[in-house]
Structures are given as C-alpha cells and as structure tokens.
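In: Provided below are the primary sequence and the corresponding predicted coordinates.
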Amino acid sequence: MKCEHCDIIERRSKIEILYEDEEVVVAIKDLSITPGQITVFPKEHFTILEGVPENILEKCSLIANKIGIAVFESLGSQGTNIMIQNGLGAGQKVPHFAIEVVPRVENDGLNLTWEAKQLPEDEMETAFMTLEQGMKELDSSVENEDDGKEGSNKTKDKSDKKIAKEDDKDNYLLKSLKKIP
Ligand SMILES: [Zn+2]
C-alpha cells in the first residue's frame with residue numbers, strides 16, 4: 001500500500017524530517033493548514049490509533065507536546081490545535097497514524113470550531129446506553145488480556161488464542177479505518 005508517511009521515513013519524499021529516533025518521526029509537510037504545522041508519527045506503519053502499541057503512543061504524545069512547546073517559543077504562536085484524524089470518516093487522508101500539531105494565533109482565519117447542538121433526550125439516552133455497554137465489554141477484554149499475562153502453563157492454548165486475536169485485530173483495523181460497526 002502506498003503510504004505518504006512511510007515514504008517520508010524511507011526518504012522517498014521531499015518532505016523534511018525535523019527529528020527522528022528509532023520509533024518516532026517528526027516532519028514538516030509541504031501541505032499545511034498553517035505555517036509550521038508539524039506531523040508526529042510512529043516509524044512502524046500503524047493504520048489507526050487503535051492499532052498503535054501503548055508505549056509508542058505515549059512517545060508520540062510526549063513528542064507532540066514538546067513540539068507544542070517549541071512552537072510557542074520559536075514561532076510565537078498563541079496556541080496549538082493537536083489533532084488526530086482517526087479513520088476515513090474523520091477525514092484521515094494518510095493510512096498511517098499521526099498526530100498533527102497546528103500552531104495558532106488569534107484571528108488567523110482558521111475555523112476548527114464547531115457548533116454543538118442540543119440533542120433530543122431519547123438520542124442522548126440511546127447513545128449513553130450503547131456506549132455504557134461498549135465500555136463494559138472493553139473492560140472485560142482488558143481484564144482477559146491481563147489474565148493472559150499472569151503466566152499460565154497453557155502455552156499452546158495461549159498461542160492459539162494469540163493467533164485468533166491477531167486475525168481479529170486485522171479485521172478490526174480494517175473495519176475501524178472505514179468505521180464499519
Ligand atoms: Zn506508513
């Protein structure tokens with residue numbers, strides 16, 4: 001799959017790399033919302049946020065935060081919008097997870113605000129109940145993962161389970177990028 005971010009990492013692109021280590025790359029793209037917009041992404045190709053391992057996500061977040069501080073000091077910005085476009089439905093253009101740091105000044109003409117509207121009570125209730133159930137399922141799947149880590153001697157079971165999980169994960173990633181329920 002053609003990936004603009006992998007092209008940057010492999011120096012197949014004109015885009016400048018501002019910083020890189022073994023895991024994370026920071027680049028200034030030529031297509032920006034405001035001058036000095038910075039893109040932080042993992043070196044390994046992860047399609048969406050849900051696929052990024054916790055330690056890599058943590059590192060990307062810390063670096064994005066540091067970039068935000070650098071932008072305040074060097075570009076004189078008055079604020080930053082830190083954005084993740086996660087999934088096609090959310091406007092994700094490159095299929096490689098990234099955090100965008102957008103320097104802002106007052107009245108820069110960029111409109112990233114949205115009007116919140118009052119939802120009807122039944123819609124709110126339905127959303128709440130659906131999400132509450134979803135959170136419970138998430139909780140129990142996290143607990144199960146922890147159980148797996150607490151060393152058991154059922155090694156074969158565990159590796160079978162892991163393979164099944166990997167398959168699920170691939171499906172899940174594809175569905176998630178397209179936001180298919
Ligand atoms: Zn990539």
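Out: Perfect, I can see it now.
In: same question for the longest helix along the chain, mean pLDDT?
Out: Ordering each helix of the chain by length in residues (DSSP state H) puts helix 121-149 first. The average pLDDT within helix 121-149 is 77.
In: what do you get for stretch 33-51?
Out: Rounded mean pLDDT across stretch 33-51 is 90.
In: hmm, it in reach of the ion?
Out: Yes. For stretch 33-51, a contact with the ion is found by C-beta under 5 Å from the ion, at residue 45. All C-beta atoms are positioned from the backbone trio N, CA, C, and that covers glycine.
In: Quick check: buried residues in that stretch?
Out: By 16 or more other C-beta atoms under 10 Å, the buried positions in stretch 33-51 come out as 33-34, 36-42, 46-49, 51.
In: Checking my notes, residue 25 in a strand, right?
Out: Yes. Residue 25 forms part of a strand when assessed by DSSP: H, G, I helix; E, B strand; the rest coil.
In: List, one by one, the residues from the chain near the ion.
Out: 3, 5-6, 45, 96.
In: Buried ones only from those residues, please, as a ChimeraX command.
Out: Of the residues of the chain next to the ion, the buried ones go into a single ChimeraX selection, burial set by 16+ other C-beta under 10 Å:
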select :5,6,96
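In: Which two of the residues of the chain next to the ion have the greatest separation?
Out: 5 and 45 (7.5 Å; C-beta to C-beta).
In: joint contacts of the two?
Out: Residues within reach of residue 5 and of residue 45 at once, by C-beta atoms under 8 Å, 6 or more residues apart in numbering, are residue 96.
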